[in-house]
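Engineer: got a structure for you, letters missing:
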C-alpha cells in the first residue's frame, strides 16, 4: 500500500515543492502524536477543562493546549513556515523570518466531545505568506488543506489542490493510502444540523429541512464535531448545515480560515460544494484571523437547492 510519504514524494516538483513536503511530513507526525495523546488521555490526566479561556471565549481543555503545542512544534521544525495561525491563539505566531508558508489550524476540533469518546480532529490549511499581511487570503488561494479524524481509526484526509486522498494510521505508525481520489456522492438523503437552533434559522433553511423531513428516506445526523460530520459525508454523502442566525445573515459560528476554508477546499476537490448563504465559501475575502461565517457543504445537488433558494430570496428582496 502507498504510504503518505511515498504519495508526497510522487508529487514533489509538480503539485508540491520540496519545502511543502517537509511541512506536510511534520504535520502528519504531529497528528500521530495527537492521536497517541488522545488514546491515553484518561490515563494521563488530560481530561476535564482548564481555567484558561481562548480568543473565542471558549474554555480550553488540557488536550486543546497539548494539541496546539504539538502543531506549533511541527511548524517550528519546518524551515519554510513563516507564521502559524491557531484557533487557540489571539494572533499569528512568527515562526521563521525567511519562511514563505503560513500554517493555519484548529488543533483539536470538537474537543467539547472528548470526555464522551466521540471522534474529534485536527484541521489544517497552508497558504503562501512571507508577511503577516499575506495570511488573510480567500480559500481558493490555499495550497493544501486537510484534517485528521481521531476515532476508532485515525484517518488523515488531504488535498494538494487536485483530488482528495484518505490515509489510515496503521498499528506500526504509518499512514497508508486507503481511499484514492475520494468523491462525495452528488445525491444524498442525510443532513446534519443542530435542530435545537431551529428558532434562529432563516426561511430558506426552515423550508429545506421541512422538505427533507417530509421526504421518505431522509435522515438527520448530528455529531457536534465538524470533523466527524465531515468524515461521514466523505464516506457516504450528505449535507452539513451550520447556517447564520436569521437576524444576522452574514454571521456564523464556524471560523473561516481554519474551519470553513480548509473543509471547503477538500469538499470542492472531491466534487462537492460549500457555501455561506449564496456565496461559495472559497470566494470569501477574510477580514480577520478569527472571522466567523455560516457554513453549508456536502453533496453538490443538495447544496445547489439551498444556493438557488437564497438567490431567489435575494431577487425577491430587490
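Structural biologist: Sure, I can see it. Fair warning: this is a prediction, and the values are worked out from it, not measured in the lab.

Engineer: low pLDDT regions in the stretch 51-200 of the chain?
Structural biologist: By pLDDT under 70, the low-scoring segments of the stretch 51-200 of the chain are 51-53, 55-59.

Engineer: which residue, neighbours along the chain excluded, lies closest to residue 227?
Structural biologist: Spatial nearest neighbour of residue 227, excluding adjacent residues (CB to CB, 6 or more residues apart in numbering): residue 121 at 2.8 Å. All C-beta atoms are positioned from the backbone trio N, CA, C, and that covers glycine.

Engineer: same deal with residue 22?
Structural biologist: Closest to residue 22 by CB to CB, 6+ apart is residue 78, at 5.5 Å.

Engineer: who are the neighbours in contact with the one you found?
Structural biologist: 19, 22, 23, 26, 95, 96, 99, 101, 103 (CB atoms under 8 Å, 6 or more residues apart in numbering).

Engineer: hang on, the earlier thing: wasn't the residue nearest to residue 227 part of a helix?
Structural biologist: No: Residue 121 is assigned strand when assessed by DSSP: H, G, I helix; E, B strand; the rest coil, not a helix.

Engineer: all strands of the stretch 1-150 of the chain, in order?
Structural biologist: Using DSSP state E, counting those that start in this stretch, the strands of the stretch 1-150 of the chain run over residues 81-86, 93-94, 101-109, 120-128, 144-150.

Engineer: Serialize the ones you listed to CSV and add fields for distance to residue 304 and mean neighbour count.
Structural biologist: Shown next, in CSV, are the strands of the stretch 1-150 of the chain (distance: least, CB to CB, whole Å; neighbours: other CB atoms under 10 Å):
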stretch, distance to residue 304, mean neighbour count
strand 81-86, 32, 25
strand 93-94, 39, 14
strand 101-109, 26, 28
strand 120-128, 25, 25
strand 144-150, 22, 27
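
Engineer: distance of the residue nearest to residue 22 relative to residue 108?
Structural biologist: When distance is defined by CB to CB, to the nearest Å, residue 78 is 20 Å away from residue 108.

Engineer: okay, the residue nearest to residue 190 when sequence neighbours are not counted: pLDDT?
Structural biologist: Among residues not flanking residue 190 along the chain, residue 238 sits closest, at 3.9 Å (CB to CB, 6+ apart). Residue 238 carries a pLDDT value of 97.

Engineer: burial count for residue 238?
Structural biologist: Residue 238 has 25 neighbours, counted by other CB atoms under 10 Å.

Engineer: I figured it hits residue 299, correct?
Structural biologist: Yes: contact status for residue 238 versus residue 299: in contact at 6.3 Å, counting by CB atoms under 8 Å.

Engineer: which residues do the two both contact?
Structural biologist: Residues touching both residue 238 and residue 299 by CB under 8 Å, 6+ apart: residue 188.

Engineer: most neighbours, which of the contacts of residue 78?
Structural biologist: Ranking the contacts of residue 78 using other CB under 10 Å puts residue 103 first, with 31 neighbours.
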